[in-house]
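> I would like to see how this sequence folds:
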Amino acid sequence: MNQPSPEDKTPAREIIAEYARDHFHYFRTSSGAAYAQRIGSPIARPLRSQGTTGSHRQELMLDMYNEGMGIFSGTSMKEALDFIEALTLSRDVREVHIRVGACKKTPGVTWLDLGRDDGLSVRISTDGWEVRKPVPDEIIWRRTQLTGELPIPEAGQDMKGIDKLWNLCNFVDAGSSTLALVWLLACLDPDVPVPAAFLTGPMGAGKSTAGRMLTRVIEGMSSDLRTPPRGEEQLTVVASAGWVMPLDNLSHLSAEMSDAYARVVTGSEDLKRQLHTDGDVVRLAVRRPVLLTGIDVGVIRSDLGERLLLLKLDRPKNRRSERDLWSEYAEALPSILGSLLDVAVAVRKQEAEVPADLRMADFGQLCLQLDKAYSLGAMLAYRASIDDITDDVIEGDNLAQLVLRYAASEAMEQAGGEMKMSSTEWLAVLNRFAFGDFQTPPKGWPTTGKVLSDRLKRLQPTLAARGVKIESGRRSRHEDPNRSRYIEISRMGGASIPEQSRSEAEQTEFPATAS
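The predicted structure is shown next:
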């Protein structure tokens, strides 16, 4: 029998490429990343991934081996995948989603990935929810090491499963438990920016345990709380690797990291240099639900304070073993998830106005929708949470305390409740008001008018919540030919600030040394 000459043999790279194109669909995302999706499956893998969840290269090698095609060299595989990746430049652009995503085919429908190998997912709409495998034109999932498996949710639960969850957590009142429910509902909707859930309470209140329970409703039993990232770049990478980002024992937060967390809550995009290249970059766009425990709100800047959701816990009256507690939770999880989905369907049927006065307006609208469906007082609880956090942010910010004191002072009273001057003039006025001629400003106190101006801009919403308005602008040419900048501090409505704020301001003792 004649053996084929070397010239007649099909190169290995062509065999691999032909097999791959017959069994997988290849595409790019809007960020330029190339993906491979097995035909008939809703799960896609990045071509360049080398993670332990399995790269497409590993997937392809194993498939061809199992079909008796042998083992191909790394060089042949690389050449084939380089060619396939080049082909994606002319293919359609598709988006991939982690855990939660909007349906591409039907507006108003969202999907929840159950993290299963068979691709079963939950389709959620105002008509109800169902468990099935989505088709490629509905949604495409991306999996990472953080994608845990969720159980098949139980149908017909209404609030039964939520009651089980509340009984397992040590929330101090109905307000906190209701806000925890709204937070979970928001986690199911990729279009709603979710305030960072901040679990607070005395030592032994079970903050970490409650944080795990809330996270595992969305991420599965294998998920856990994580240590805080050490920098902004690591924060972006950690956030992009999963859906919910739960962080435990966050005892300190720098100003830069506070801003970074705020950007993750409402959405941001980070650019980093692609590995082994000088010019190419990778886009990491993230907006994630965040959960925090163990943090002192007083060290948070007002930007992040506006994006926090206060969930208060108390020490349990009867202690239980970890084994018994988590055994009960795992048994209840299908009911909890089914109940959450039932509530989500009922809530999405409701119409509600967007509260224009709230920074997280979409979340506020979700509170109103829940109140229409179940009358749980979610909006009242959310406003109370915002009020508590505002108090804590003011308590941790010397400048905010001083501005409140000055707004309640006799000088402001004599000026008719409003004063306008340059940032440098304001710094001199506030320094004299706080320190007189001899005392030393505390650490971190503004040293220039520019720094003062930037700090006041950040404090605008916090101070407005206490009846003090901060505005900045330029003077008209009639007032000043040079059109100099000014800052105006005034009492809301031109009257006096609220009595509660006046009382708090008058009682504040501004420190003369370290903050």
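
> so how far is Ser30 from the closest residue to Arg142 other than its chain neighbours?
Spatially, and ignoring its direct neighbours in sequence, Arg142 is nearest to Val96 (4.0 Å; Cβ to Cβ, 6 or more residues apart in numbering). All C-beta atoms are positioned from the backbone trio N, CA, C, and that covers glycine. Val96 sits 10 Å away from Ser30, going by Cβ to Cβ, to the nearest Å.

> next one: His56
19 Å.

> rewinding a little: return the residues in contact with the residue nearest to Arg142.
By Cβ atoms under 8 Å, 6 or more residues apart in numbering, Val96 lies in contact with 29, 35, 44, 140-142.

> Could you pull out the buried residues of the longest helix along the chain?
Across the chain, the longest stretch assigned as helix under DSSP state H is helix 322-348. Of the residues in helix 322-348, 325-326, 329, 332-348 count as buried by neighbour count, 16 or more other Cβ atoms under 10 Å.

> which is the next helix or strand following it?
helix 361-374 (DSSP states H and E).

> Which strands or helices does that following helix pack on?
helix 174-187, helix 322-348, helix 378-395 (3 or more Cβ pairs under 8 Å, 6 or more residues apart in numbering; DSSP states H and E).

> Turn those into CSV, columns for mean pLDDT and distance to Asn482.
Putting the helices and strands packed on helix 361-374 into CSV (pLDDT from 0 to 100; distance: least, Cβ to Cβ, whole Å) gives the following:
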stretch, mean pLDDT, distance to Asn482
helix 174-187, 97, 48
helix 322-348, 97, 55
helix 378-395, 92, 35
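
> TSV for the ones you listed, including distance to Glu154?
Below are these laid out as TSV (distance: least, Cβ to Cβ, whole Å):
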stretch	distance to Glu154
helix 174-187	16
helix 322-348	4
helix 378-395	24
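
> Which of the ones you listed sits closest to Cys103?
Cys103 lies closest to helix 322-348 among these, at 13.1 Å (Cβ to Cβ).

> What ranges in the stretch 1-150 of the chain fall below the confidence cut-off?
1-8, 49-54 (pLDDT under 70).

> State the distance from Val345 to Ala373.
Distance from Val345 to Ala373, by Cβ to Cβ: 10 Å.

> no wait, Gln157
Gln157 is 15 Å from Ala373, by Cβ to Cβ.

> Looking at the two, which has the bigger crowd around it?
Gln157 (21 against 17; other Cβ atoms under 10 Å).

> List the contacts of the more buried one.
335, 338-339, 342.

> let's see it at 10 Å
163-164, 334-343 (Cβ atoms under 10 Å, 6 or more residues apart in numbering).

> With distance to Ala17 added, can I get those residues in CSV?
As requested, the contacts of Gln157 are arranged in CSV below (distance: Cβ to Cβ, whole Å):
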residue, distance to Ala17
Asp163, 55
Lys164, 52
Pro334, 43
Ser335, 48
Ile336, 46
Leu337, 42
Gly338, 45
Ser339, 48
Leu340, 44
Leu341, 42
Asp342, 47
Val343, 48
